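1. Build the 3D model from these lines:
(2 chains)
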Amino acid sequence: MTTLFINEEEVTVSSGTSILEACRKQGVDVPYFCYHPELSVAANCRMCLVEVEGWGKPAASCCTPVGEGMRVTTQSKSLSKDREMIMEYLLIHHPLDCPVCDQGGACKLQDYTEEHGAEHGRYKEVKRAVVDHNLGPFVSTCMTRCIHCTRCVRFADEIAGTGDMGVLNRSDHMRIEGVVEDALASELSGNLADICPVGALLDKPSLDVSRPWEVKRHRSICTQCPQGCDIVIESRGDEVIRIKPDYAANEPWICDRGRYVHDAFRAKERILTPFIRDASGVQAVNWDMAVEKIVRLLKGKRVGIVFSPDWSIEGLTAIRLLHDCVFDDAKVAFDLHRRDMRPFAFEEGFGMTSKQIVDANEVVILGSDLRQRLPILMQGLRQRSLAGKPVIRIGAMNYRTNSELSADALIRPREWAAVIARAMQQLKDLGKSAAGMDAWLSSVSERHEAGKLLADALLSDSCALLVGEEIRSHVDAAALIHGLDLIARASGHGEEGRDARNLIPEGMNASLLSAVFGDVRTSVGDLFDAAHDGELDALLLIGSDPLGDGLFSMQAKRAMGKVPLVQIGAVSGQVSEYADVMLPASAYSEVEGTFINMSGEIHLADEPLSTVGDARPLWKVMMRLIQGFGMDIPAVDMNEIRASVQSYLPSLREVWGQGVDHNTWRMPVARQRDANVLPVGVNPAMPLDVISRYSMYREGAWVRASASLVEAGNIRALDDVLVHPNTLKEAGLTVGECVIRTASGNYTFDVGVRDDVVEGVLFISKRGVAGDLSCEVMASLGGGQ
Amino acid sequence: MISSDPKQVKAICFDRIHIENQTSLNIARKNGAYAFLPTVLKDFDTEHIVDEVKKSGLRGRGGAGFPTGLKWSFVPRNTGKPTYLLCNADEGEPGTFKDRDIMRFDPHLLIEGMIMAGFALGVHDAYIYIRGEFLHEVEVVDAAIKEAYAANLLGENILGSDFSMNLTVHRGAGAYICGEETALIESLEGRPGRPRFKPPFPAIEGFYRCPTVVNNVETLATIPAILEFGGDWHAAIGVPNNTGMKIFSVSGHVNKPGNYEVPMGTSLKVLIEEYCGGLQHGTVPKVIIPGGSSTPWLLAEHYDTPLTYDAMMKAGSMLGSGAIIVMDETADVIALTRRLAHFYAHESCGQCSPCREGTGWLERVMTRVENGQGCEEDLTVLHDAATHMAGRTICALADGAAAPILSLLKHFPDEVRERLMEKAA
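-> This next block holds a predicted model:
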């Protein structure tokens, strides 16, 4: 620790702290542009000059470490003149266009000009103008406004890892530019607009729409991935202007998916009023008429309910109440990516917090495109990897990570059991075992060397297994997860507080879902098949879009074509073409509610935006339906709904009762010790495995309703069907149109190749026609037609 | 031959410079090059060498005048990281042309100095960063290094000792700022030459974040003589605290411009009158820039100032790299200042706001003033813009850019005002 004096006040900070950080800690205001707490120090703006007693000249406080007994002054006549001059230097080429600049009103340069600048500028010469750069659909540039603080360059290098911003030239010809004339490659690119202290980099989708003082800020929770970041939504009247990270929260960044989905809140896809379909087509009706029609369609019928896990937990519990009051024998399904419904030894959700994962000795990513799935967690792993700590990945594709992986094993989905068995064997040979291990081990004859990576990692003191979609969607997922559970427990990573098991869920609220719906849950595919086979009379779809997302679009299409469909949701999507009735439910930004993220952390949204049209929060829609069916309403207000949630999860009482610190409070993930599923040694009927690729710019009805995310998705699109070049060669085929044979029939697609995927796997993107292949697990390639 | 009597020493770095084909190893060796190296490698221990250099009082000849032995003693030992020795041969300071002569006429002196310095510091890889425009010098030094390798003066187990060192020439790309040691390091690492903020200092975290010593060509070329004749011998040359010989590059309105190696403490007047053949016009200079274009100007009243770091400091300027630019009464000091302002505006690396924006601003205002389009307010603007860059930036380029402006305003305000009036009329 070092003790110094800042403006005569004694301050003690840890040694090596910069003077600026010591000042910030002490609450002493020192102006700065280039400093950013999450980025390396550049010390180039020179705004943070302070005086240190005995030093001949002012010191840049951001890059000067504190010294014992140092006496620092942050205000003096000479410093005021220095700051005035720095402002004058910075302003000589800065355009006087604050009235038309989106940053105006929330601009460091403007604020400091007011605070530190001179009354007028004395620069009479020619001003500099700089050519702008196209950085893609998210970030707009006005580089004449740039003050060259290089925050964006450091962000691109250090955080994004894409290095696609750079500094060109020197002297006052210096320019900040996109290094290549291309869209920014980072999934965190939107943060550039946030960290730019002036109006040089701005949000492109919301450019020239609003002024900072017009907008109202609502703290909310992003439900675009299971991470559940704290966000602030900026709105003006009915409009949603932009989404930003909540700077009061721990995480400084949010991803582009969570940020730029904002235009979907007011997109044409929003369901604004109830609709019914009759002989004359689709027409808007009032709530009573719509509910009446629903009652007519569903009363006394065998109903299947499919819903999205991303509603608030109050809304989700209301779905259960509807089920119990009206359709108590109905099956419900919610995970569009889970084929295997046998109980998982560890259910969806994390045994660890993000911080514990990032800090663990070993991290193993098992079959996940983590950078797209959980961009913020991946960012944590990237920082970890930069610090020299290992990150291991086993999976079917070299999904881009923008950081070094310490090991990267490519395996096919059918090899997972052999990988786990190899790891299990190694643990067993070392005398580490868990009950049931021998039976599991003897059911798998193959061993795959990638398992050594897994076992070695588990032998470390702390280890995190991040189990991804390749395993969760596997036909034999329960057996694989049981195997992973066994090796985690055998190596001492299966206890509370030392739990390496993290199963990446499809969406938010995973730990609530297993508690509330565990007993009535079925597979989405089975449910649609049942509808198609005449075992169900009608479908109720709540926020879910099985045509656009997940693995069961083919079954969904068949089922919807056969039985009546009631859709309740905030955005319509393709499903609406089949809907007989549509009811509008409020978006996640428009409700007061509670959300649980993948790590079981609680986030409360209590500053909702005003809802649009006739939409109502989901729980109210559910109650209205229960009423329509002539039943007693089980909950009339938020407290009563929450009381129902507590009947499933009593511990939530603390959350609502006392207001909880979500840094420490966590909902535990469901574990099932009795889940005892052994791998089935089936002989694969076809040579190729099929993997349905996840894209953060495509997956989710919200995302497909967002124009800017759709544009980004098109820019980043890979081929609809991808294989390794050798796979194509072995089949005697070339890039282009090929016939893909599957259990359900033959299809013709354009097939592309990539070197960084495992051989023997067909990667399909859920886009357009290729989406229909998602339900397949195996295929073979035939010649062109 | 260098005399072992300090009183008799005529030259150190330039001692063999006039010998024809001294660049060839055979001839250089015949004239004494590398003669003392085996003794150093065999009998000297590294601490002894650092002590001798400290004792010699040698101060860095690149401009800052920092004691070389002290700089060497800052390098931490046994860090587990390699230590690098970089020779700063990016001689770009306007007015300076001394290192160039050492390199093109006696490259083996520099190489010998680097081997000895590398040996003292435990260096395995050393680099010479040569100014990009010095194409011929790069060729000469490269050829000399090649010969030295062939003679086992470089490479593995030099002259059968345990000491191994590689020496590589790196050509700069023409940026003045790369003569600043941390910018030089950045450039050598393959990045744009932009100075780093300090701390950490290069001695702790320099080239590739490893301990690094950066020394000027003349400094390193002095090392062989110091080790051969001893630190005390060197300390007896010149005046206390400003010891040894120093090469001065004299240019401007003198009759015999050129490089002159003289004992420290010789006066400006003696150098100009006796060595350089006096001024072209008149008897007293109008302006003397004593240490390269970045140093504040001296006037006729300073003509007797001794050429030492301390005396120059006392006179309000700096000895710098010893580049003396002399202006007689015919000089247009406003045009001179404008031209220097242009140089600094062009060479600013652009990272610090005051320097990036200030240097260009100064140039533009000076251009107006020179052309008679200035006004009284410009004097305040020039003064403010120059004053508040100096000492407020990562490196000293801004100080250098401010120096001519402030000197002009300080010493010739009337001449500037006259120019304003002249054109206004």
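
2. distance of the residue nearest in space to the middle of chain A from residue A:677?
-> Note on chain A: the residue nearest the mean C-alpha position is residue A:225, at 3.4 Å, using Cα atoms, centre = their mean. Between residue A:225 and residue A:677 the computed distance is 28 Å (Cβ to Cβ, to the nearest Å). Every C-beta, even on glycine, is put in place using the N, C-alpha and C of the backbone.

3. Check the stretch 301-450 of chain A for the residue nearest chain B and tell me.
-> Using Cβ to the nearest Cβ, residue A:388 is the residue of the stretch 301-450 of chain A that sits closest to chain B, at 13.9 Å.

4. Surely that residue is in a helix?
-> No. Residue A:388: not assigned to a helix; according to DSSP: H, G, I helix; E, B strand; the rest coil it is coil.

5. how many neighbours does it have?
-> The number of residues packed near residue A:388 is 8, by other Cβ atoms under 10 Å in any protein chain shown.

6. if I look at it, how far off is residue A:406?
-> Going from residue A:388 to residue A:406 by Cβ to Cβ gives 9 Å.

7. which parts of the longest helix along chain B are buried?
-> Longest helix in chain B, counting residues (DSSP state H): helix B:353-370. Using 16 or more other Cβ atoms under 10 Å in any protein chain shown as the test for burial, helix B:353-370 gives B:353-366, B:368-370.

8. Tell me which ones among those residues also neighbour chain A, please.
-> Intersecting the buried residues of helix B:353-370 with the contacts of chain A gives B:353, B:354, B:356, B:357, B:358, B:359, B:360, B:361, B:364, B:365, B:368 (criterion: Cβ under 8 Å from any Cβ of the partner chain).

9. what's the most distant pair in those?
-> Farthest pair in those (Cβ to Cβ) is B:353 and B:368. Separation: 22.5 Å.

10. what does chain B put close to chain A?
-> Contact residues (Cβ under 8 Å from any Cβ) of chain B with chain A: B:175, B:177, B:192, B:197, B:199, B:345-354, B:356-361, B:364-365, B:368, B:377, B:380-381, B:384-385, B:388-389, B:391-394.

11. before we move on, back to that, could you list every helix and strand in contact with the longest helix of chain B?
-> With contacts taken as 3 or more Cβ pairs under 8 Å, 6 or more residues apart in numbering or on different chains; DSSP states H and E, helix B:353-370 sits against helix A:77-91, helix B:333-347, helix B:376-387, helix B:397-411, helix B:413-424.

12. Deepest-packed of these, please.
-> Burial of those is given as mean neighbour count (mean count of other Cβ atoms under 10 Å in any protein chain shown); helix B:397-411 ranks first at a mean of 24.

13. Who are the packing partners of that one?
-> The criterion is 3+ Cβ pairs under 8 Å, 6+ apart, and the helices and strands that helix B:397-411 contacts are strand B:287-289, helix B:333-347, helix B:353-370, helix B:376-387.

14. ok, now with 7 Å
-> On a contact count with 3 or more Cβ pairs under 7 Å, 6 or more residues apart in numbering or on different chains; DSSP states H and E, helix B:397-411 meets helix B:333-347, helix B:353-370, helix B:376-387.

15. Now mean pLDDT too, for those, in TSV please.
-> Compiled in TSV, the helices and strands packed on helix B:397-411 are given as follows (pLDDT from 0 to 100):
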stretch	mean pLDDT
helix B:333-347	97
helix B:353-370	96
helix B:376-387	95
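
16. now these in TSV, with distance to residue B:104?
-> Converted to TSV, the helices and strands packed on helix B:397-411 look like this (distance: least, Cβ to Cβ, whole Å):
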stretch	distance to residue B:104
helix B:333-347	24
helix B:353-370	32
helix B:376-387	36
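
17. Check whether residue B:246 really touches residue B:265, as I assumed.
-> No. Applying Cβ atoms under 7 Å, one finds residue B:246 not in contact with residue B:265, separated by 9.3 Å.

18. and the two? which has more neighbours close in?
-> More crowded of residue B:246 and residue B:265, by other Cβ under 10 Å: residue B:246, with 28 against 18.

19. Look at the more buried one and give its secondary structure.
-> Quick answer, by three-state DSSP: residue B:246 is strand.

20. separation between it and residue B:262?
-> With Cβ to Cβ as the criterion, residue B:246 and residue B:262 are 7 Å apart.

21. dump the residue contacts of the closest residue to residue B:365 other than its chain neighbours.
-> Excluding the flanking residues, the one nearest residue B:365 by Cβ to Cβ, 6 or more residues apart in numbering or on different chains is residue B:378, at 5.3 Å. Each residue near residue B:378 by Cβ atoms under 7 Å, 6 or more residues apart in numbering or on different chains is listed here: B:365, B:368, B:369.

22. again with residue A:397
-> Going by Cβ under 7 Å, 6+ apart, residue A:397 touches A:756, A:757, A:758, A:763.

23. Is it bridged to anything, and to what?
-> residue A:757 (DSSP bridges).

24. And the contacts of the lowest-mean-pLDDT helix or strand in chain A?
-> Least confident helix or strand of chain A, by mean pLDDT, DSSP states H and E, is helix A:652-658 with a mean of 79. Applying Cβ under 7 Å, 6+ apart, the contact partners of helix A:652-658 are A:594, A:602, A:642, A:645, A:646, A:660, A:665.

25. give me the element the fifth one is part of.
-> Which is residue A:646. helix A:638-648 (DSSP states H and E).

26. can the ones next to chain A among the buried residues of helix B:353-370 go into TSV with extra columns for distance to residue B:2?
-> Formatted as TSV, those follow (distance: Cβ to Cβ, whole Å):
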residue	distance to residue B:2
B:353	49
B:354	46
B:356	46
B:357	49
B:358	46
B:359	43
B:360	47
B:361	49
B:364	50
B:365	50
B:368	53
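
27. now, which of the residues you listed sits nearest residue A:167?
-> residue B:356 (11.1 Å).

28. Who are the contact partners of that closest one?
-> Residue B:356 sits next to A:148, A:171, A:172, A:174, B:348, B:350 when contact means Cβ under 7 Å, 6+ apart.

29. Show the contacting residues for residue 82.
-> You didn't pick a chain, so chain A it is. Residue A:82 is in contact with A:49, A:58, B:388, B:392, counting by Cβ under 7 Å, 6+ apart.

30. my bad, the chain I had in mind was chain B
-> The contact partners of residue B:82, by Cβ under 7 Å, 6+ apart, come to B:124, B:125, B:210.

31. So what does it have for phi and psi?
-> Backbone torsions for residue B:82, taken as degrees, to the nearest 10, come to phi -70, psi 150.

32. Tell me which of the helices and strands packed on helix B:353-370 lies nearest to residue A:418.
-> Distance to residue A:418, taken as Cβ to Cβ, is lowest for helix A:77-91 among the helices and strands packed on helix B:353-370, at 61.6 Å.

33. Remind me which helix or strand the residue of the stretch 101-250 of chain B found nearest chain A belongs to.
-> Using Cβ to the nearest Cβ, the single residue of the stretch 101-250 of chain B nearest to chain A is residue B:197, 4.3 Å away. Counting by DSSP H and E, no helix or strand carries residue B:197.

34. on that earlier part again, pick out whichever of the contacts of helix A:652-658 sits closest to chain B.
-> Within the contacts of helix A:652-658, proximity to chain B (Cβ to the nearest Cβ) peaks at residue A:665, which comes in at 41.8 Å.

35. List the single closest residue to the closest one in space, sequence neighbours excluded.
-> Residue A:665 sits nearest to residue A:602 (Cβ to Cβ, 6+ apart), 5.8 Å away.
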